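Colleague: predicted model, plus sequence, below.
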Amino acid sequence: MNYQQTLDYLYSQLPMYQRIGPAAYKANLDNTLALAKHLGNPENQFRSIHVAGTNGKGSVSHLLASVFQEAGYKTGLCTSPHLKDFRERFRINGAMIPEDFITSFVVEHMAFFQAIQPSFFEMTIAMAFQWFALEKVDIAIIETGLGGRLDSTNIITPEISVITNVGLDHVNLLGNTIEEIAAEKAGIIKRSVPVVLGKSRDAARNVCLQKATEKEAPVYPADEMCTIAMPQFVFDGKGNRILKGTLELDMSRIEFQCPLSGTYQLENICTAASAARIISMAGRYRISETHIARGFQNVIANTGMAGRWQVLSQKPLVICDTGHNEDGIKSILENIAMTPHRHLHFVLGMMNDKDAGGILQLLPRDNTTYYYCKPDVPRGMPVNELEERAVKFTLSGRKFESVREALAQAKICAGENDLVFAGGSTFVVAEVL
């Protein structure tokens, strides 16, 4: 079996949430625990930081990984989903997992997979943990996939737990209220393990605080530990926007700049900086102010992060972002409003299990043309359905056969001073990139 055959097996044989939705979701950890036992419990052979949340968990994970790399630690990073290459999900010091490791892992354990029928995510998390253990990483930053309590990553006992923003997403699986979803996210809190809480609604924070109390886990709210003084958004010579400011972190002042320039990154930067400070205070890792500043500055170069308010071209300005729920779309619209343009050309695709009405009602009607499309995955919302729903909200646009065709037409129609934005789904961004 070569690498391409291995990928074909993974995508075709193992249920994958990103493609088919809830049918791939396993509401227990049985398979994960069986896989871990089969592999000799690799999750106990490396230290980790566990990151959950509705929005921001990917950015916080990448920021933390970059900081630890700058501090000289061999750093694993486990995130999902991928945008272009399956191997993006698993990195050590920025380098993606080798193709031959993936193939050998699958071939060696295929009989066990066939016996217990794991999901795509269950299998890939087991593979990541095995790789981190064999490579003897100093620390691994582990992002949850969906939820927390029953997520396949939730067999680790981390050095610290991090919970970012909690909002309404995956309500068909995690709950219909902020409190119910927060309870799932708070499920990563372990006994006596410190918890860093990102900025979130009071209802979500209260649930997390209650769970931390039950687990006797010390809590560190990031918005009480860290603020950013004089944030500025400036442009480099290539048209990319950069976030600059001064972190006021636990009696320290850290000048920083970061290529993750969406306004929503202000919260993520504070959460990541707070987590780095808390784990450093524990004494096992030495994370200096310089490491934090360099980690934030070099996050894209160090970790390969992509798809967050990413500038793809100039004249017309083309930007994509993976935000795909109500909170994420609100942040995107805030950034669009800050970006000078004459007319907005919005390439829009969505998943069929998202709250389309809640998102569409937020989108601008004036001075905006929409280019509706269906991401090329089974979960993608049919373009006819998306257009019909958009018409009910008086959004003006046309439908296209593919993301690529929609983007190409938006570029043709856009004037030199217009803005082309592509988003609504992680999978729209994946195809754009």
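Modeller: Cool, the structure landed. Residues are numbered from 1 along each chain as shown.
Colleague: all strands of the stretch 251-400 of the chain, in order?
Modeller: In the stretch 251-400 of the chain, the strands defined using DSSP state E, counting those that start in this stretch lie at 252-258, 310-313, 317-320, 344-348, 368-372, 397-399.
Colleague: deepest of these, which one?
Modeller: strand 344-348 (a mean of 26; mean count of other C-beta atoms under 10 Å). Bear in mind the C-beta positions are built from the backbone N, C-alpha and C, glycine included.
Colleague: returning to what we had before: worst mean pLDDT among the strands of the stretch 251-400 of the chain?
Modeller: The minimum mean pLDDT among those belongs to strand 310-313 (a mean of 91).
Colleague: mind listing the strands that strand pairs with, and their directions?
Modeller: Paired neighbours of strand 310-313 in the sheet (DSSP bridges): strand 317-320 (antiparallel).
Colleague: got a list of contacts for the strand it pairs with?
Modeller: Strand 317-320 has contacts (C-beta atoms under 8 Å, 6 or more residues apart in numbering) with 239, 307, 309-312, 339, 341, 407, 411, 418-423, 428-429, 432-433.
Colleague: again, but for stretch 289-303
Modeller: With C-beta under 8 Å, 6+ apart as the test, stretch 289-303 has contacts from 62-71, 77, 91, 93-94, 247, 249, 252, 254-260, 269, 272-273, 276-277, 305-306.
Colleague: for it, what does the pLDDT average out to?
Modeller: Average pLDDT, stretch 289-303: 97.
Colleague: please enumerate the helices of the stretch 201-350 of the chain.
Modeller: Assigned by DSSP state H, counting those that start in this stretch, the stretch 201-350 of the chain shows helices spanning 202-214, 222-225, 265-281, 289-297, 299-303, 326-338.
Colleague: mind listing what's buried in the fifth one?
Modeller: Right, helix 299-303. Going by neighbour count (16 or more other C-beta atoms under 10 Å), the buried part of helix 299-303 is 299-300, 302-303.
Colleague: send the alpha carbons of it over as CSV?
Modeller: Output in CSV follows, covering the C-alpha atoms of helix 299-303 (Å, rounded to 0.1, in the frame of the first residue of the first chain):
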residue,chain,number,x,y,z
VAL,A,299,3.4,31.8,14.1
ILE,A,300,2.7,31.2,10.4
ALA,A,301,6.3,30.4,9.6
ASN,A,302,6.6,28.1,12.6
THR,A,303,3.3,26.2,12.3
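Colleague: low-confidence stretches in the protein?
Modeller: 14-27, 167-176, 237-239 (pLDDT under 70).
Colleague: quick check: closest non-adjacent residue to the residue most central in space within it.
Modeller: The residue lying closest to the centre of the chain (C-alpha atoms, centre = their mean) is residue 58, at 2.9 Å. Spatial nearest neighbour of residue 58, excluding adjacent residues (C-beta to C-beta, 6 or more residues apart in numbering): residue 79 at 5.5 Å.
Colleague: which SSE is residue 428 in?
Modeller: Assessed by DSSP states H and E, residue 428 sits inside helix 426-432.
Colleague: picking that back up, was I right about the residue nearest to the centre of the chain contacting residue 143?
Modeller: Yes. Judged on C-beta atoms under 8 Å, residue 58 makes contact with residue 143 at a distance of 6.0 Å.
Colleague: shared neighbours of the two, which are they?
Modeller: Common neighbours of residue 58 and residue 143, using C-beta under 8 Å, 6+ apart, are residue 79.
Colleague: can you give me the strands in the stretch 51-200 of the chain?
Modeller: Applying DSSP E, counting those that start in this stretch to the stretch 51-200 of the chain gives strands spanning 75-78, 90-92, 95-96, 139-143, 160-163, 195-197.
Colleague: which other residues reach the shortest one?
Modeller: When you say that, I think you mean strand 95-96. Taking C-beta under 8 Å, 6+ apart as the rule, strand 95-96 contacts 85, 87-88, 90, 304.
Colleague: at 6 Å what do you get?
Modeller: Strand 95-96 is contacted from outside by residue 87, using C-beta atoms under 6 Å, 6 or more residues apart in numbering.
Colleague: and that strand, how far out from the chain's middle?
Modeller: Remark: strand 95-96 is offset 17 Å from the chain centroid, using C-alpha atoms, centre = their mean, to the nearest Å.
Colleague: same deal with the fourth one?
Modeller: Mean C-alpha position of strand 139-143 versus that of the full chain (C-alpha atoms, centre = their mean) differs by 13 Å.
Colleague: kindly report the same for the fifth one.
Modeller: On the basis of C-alpha atoms, centre = their mean, strand 160-163 sits 15 Å off its chain's mean C-alpha point.
Colleague: neighbouring contacts of that strand?
Modeller: Strand 160-163 is contacted from outside by 49-53, 185, 188-189, 193-197, 208, 275, 278-279, using C-beta under 6 Å, 6+ apart.
Colleague: next, the distance between the ends of stretch 78-95.
Modeller: Taking C-alpha to C-alpha, to the nearest Å, stretch 78-95 runs 12 Å from one end to the other.
Colleague: and stretch 416-425, by the same measure?
Modeller: Termini of stretch 416-425 sit 26 Å apart (C-alpha to C-alpha).
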